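Enquirer: Predicted structure and sequence below. I'll ask about it afterward.
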Amino acid sequence: MPKTFSPKDIQPVLTGDIRAQLEALPLQADRPLIVTDADEVIAQFIAGLEIFLTRNGFWLDLQSFAISGNVKRADDHSVVERAEVQELLAHFFATDTENLLPVPGAADALAALSTRTQIIVLSNVPQPQRAARQRWLRQHGMDYPLIANSGPKGAAVQHLRSKIAAPVFFLDDLPPNLTSVSELVDDAHLLHFIADSRLAALIGPAPGCHLHTTNWDEAHDYIAKALDMAGFAAAG
């Protein structure tokens, strides 16, 4: 989910609740791991947010890679202050988490990759909407384990990496999350994925990422090629 970050935001954080979720995962140490974000990677977050805002008398003026500062009132086009934007986002997650459309190609690409990888969804969805997001995943053919994270994702991916003796791939739309992972997991494959092409045009590739893309065909092909090169050949 786009927002404004400061340097302190990329420091690793792993709370007891997040650690407990991670420890409960049935991981296979010798099987490659894909860790994917949800919003703007497999779920059309921005498009869904725009529908929600319009319904409530606001609109999103995508002038920068952020939400705060870009939400405006429909009647006078005044900028909505950050505190109210946060309230709107909380309302959005509470009412529309299960209304988002899937990113085209996501379910098929992940299904194909799942024949030789294990897949985890690492999402900063608010805890009260964790069950709703899991239902959404199930409804759209992506019923993979969900970790409800909070803040930077490096510590969670580092924990997962310590359990896996095979390639690890991380997909996210936010550069600070990719940076957080790169600082703690130096051999992770980093895919900077932003499904909304308007949003993607507002920001370049995250530093150190191996692929910057808006579509799942490219993401699938990158991961499949990396698996081939690492000796994890496709079945059949």
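Expert: Looks like it came in fine.

Enquirer: Report the buried residues of the host helix or strand of Val181.
Expert: Secondary structure assigned from DSSP states H and E places Val181 in helix 175-184. By neighbour count on 16 or more other Cβ atoms under 10 Å, the buried set for helix 175-184 is 175-182, 184. The way it works is simple: take the backbone N, C-alpha and C, and place the C-beta from them, glycine included.

Enquirer: In TSV: those residues, plus pLDDT and distance to Phe45.
Expert: Listed next are the buried residues of helix 175-184 as TSV, based on pLDDT from 0 to 100; distance: Cβ to Cβ, whole Å:
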residue	pLDDT	distance to Phe45
Pro175	96	16
Pro176	96	16
Asn177	97	14
Leu178	97	17
Thr179	96	20
Ser180	96	19
Val181	97	20
Ser182	97	23
Leu184	96	25
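
Enquirer: Looking at the residues you listed, which one is closest to Gln129?
Expert: Asn177 (18.8 Å; Cβ to Cβ).

Enquirer: So that closest one is in contact with Asp37, correct?
Expert: Yes - counting by Cβ atoms under 8 Å, Asn177 touches Asp37, with 7.2 Å between them.

Enquirer: list residues touching both of those two?
Expert: Residues touching both Asn177 and Asp37 (Cβ atoms under 8 Å, 6 or more residues apart in numbering) are Lys153.

Enquirer: quick one, what contacts the residue most central in space within the chain?
Expert: For the chain, Asp37 is the residue whose C-alpha lies nearest the centre (Cα atoms, centre = their mean; 2.0 Å). Residues in contact with Asp37 (Cβ under 8 Å, 6+ apart) are 121-123, 153, 171-174, 177, 193.

Enquirer: Can you give me the domain boundaries for the chain?
Expert: Following automatic domain parsing, the chain resolves into domains at 15-44+102-229, 45-99.

Enquirer: which of the contacts of Asp37 sit farthest apart?
Expert: Val121 and Leu174 (15.1 Å).

Enquirer: Could you pull out the strands in this protein for me?
Expert: 33-36, 58-60, 71-73, 118-123, 146-148, 168-172, 189-193, 211-213 (DSSP state E).

Enquirer: ok, back up a step: relative to Thr95, which of the buried residues of helix 175-184 is nearest.
Expert: Ranked by distance to Thr95 (Cβ to Cβ), the buried residues of helix 175-184 are led by Asn177 at 25.1 Å.

Enquirer: and the gap between the closest residue to that closest one other than its chain neighbours and Ser123?
Expert: Leaving aside its sequence neighbours, Asn177 sits nearest to Lys153 (Cβ to Cβ, 6 or more residues apart in numbering; 4.7 Å). When distance is defined by Cβ to Cβ, to the nearest Å, Lys153 is 9 Å away from Ser123.
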